[in-house]
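Q: give the three-dimensional model of this entry:
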Amino acid sequence: MKIDSKAIKQLADLLEETGLNEIEVADGDKAIRVSKGSGTVVAAAGVPTVSMPSDPAVPQQANTSAPDTIAHTHPGAVTSPMVGTAYLQGEPGAPSFVQKGDNVKAGDTLMIIEAMKVMNPIKAEKGGTVTQILIENGQPVEFGDVLMVVE
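A: Below you'll find the predicted structure:
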């Protein structure tokens, strides 16, 4: 396979410009994926499979209402490291990873964000109690959106 270093450089520059952690571009049977090795977001084998919303023809709307402004400044705010679709459960009908009031430990999976058909577990950076969940299951999220608060 011939490596297109110019394309990789352009994708790496795009990661820096947009603040994304990972990007993948496909053209036919060839694909290039560039990822920052941040350790915060990991795509690995064994990640739960998530189905798309029941009717993919119905566009999902991003939540444009301003979430609780306290959450944005809260030291326990869990923010989205990427653009994608947030899922609070591993598959339809499964229990949520966490619920309001649950105690979590550092490293526990809080939710997953699907981005470019890759399921990225979002893990707790610290232990504490989930005091707010600011998104709905299957909701589109943007980089930096506050997803939940762990105190």
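
Q: following element in sequence after the lowest-mean-pLDDT helix or strand in the chain, please.
A: In the chain, no helix or strand scores lower on mean pLDDT, DSSP states H and E than helix 69-73, which sits at a mean of 57. Later in the chain than helix 69-73, the nearest helix or strand by DSSP states H and E is strand 77-79.

Q: list the strands paired with that following strand, with their directions.
A: Strand 77-79 has the following strand partners under DSSP bridges: strand 146-150 (antiparallel).

Q: any residues touching the partner strand, and which ones?
A: Strand 146-150 is touched from outside by 67, 71-72, 74, 76-80, 86, 98, 104, 110-111, 122, 124, 126-135, 141, with contacts defined as CB atoms under 8 Å, 6 or more residues apart in numbering. C-betas here are computed from N, CA, C, even on glycine.

Q: kindly recompute the last result at 6 Å.
A: With contact meaning CB atoms under 6 Å, 6 or more residues apart in numbering, strand 146-150 is reached by 67, 71-72, 74, 76-80, 124, 128, 130-135.

Q: just the buried residues of those.
A: Neighbour-count burial (16 or more other CB atoms under 10 Å) is assigned, among the contacts of strand 146-150, to 67, 71, 74, 76-78, 80, 124, 128, 130, 132-135.

Q: which one of these is nearest residue 4?
A: Using CB to CB, residue 80 comes nearest to residue 4 of those, at 29.5 Å.

Q: and the longest helix for the protein?
A: Secondary structure of the chain per DSSP state H: the longest helix is helix 5-18.

Q: tell me how far that one is from the chain's mean position?
A: 20 Å (CA atoms, centre = their mean, to the nearest Å).

Q: can you pull up the most central residue in this protein?
A: By CA atoms, centre = their mean, the chain has its centre lying nearest to residue 113, at 3.0 Å.

Q: what about that one, which helix or strand?
A: strand 109-115.

Q: tell me which residues are up against that strand.
A: Strand 109-115 is touched from outside by 50, 82, 84-88, 97-98, 119-124, with contacts defined as CB under 6 Å, 6+ apart.

Q: among the residues you listed, which lie within strands?
A: Mapping the contacts of strand 109-115 onto strands (DSSP state E) picks out 84, 85, 86, 87, 119, 120, 121, 122, 123.
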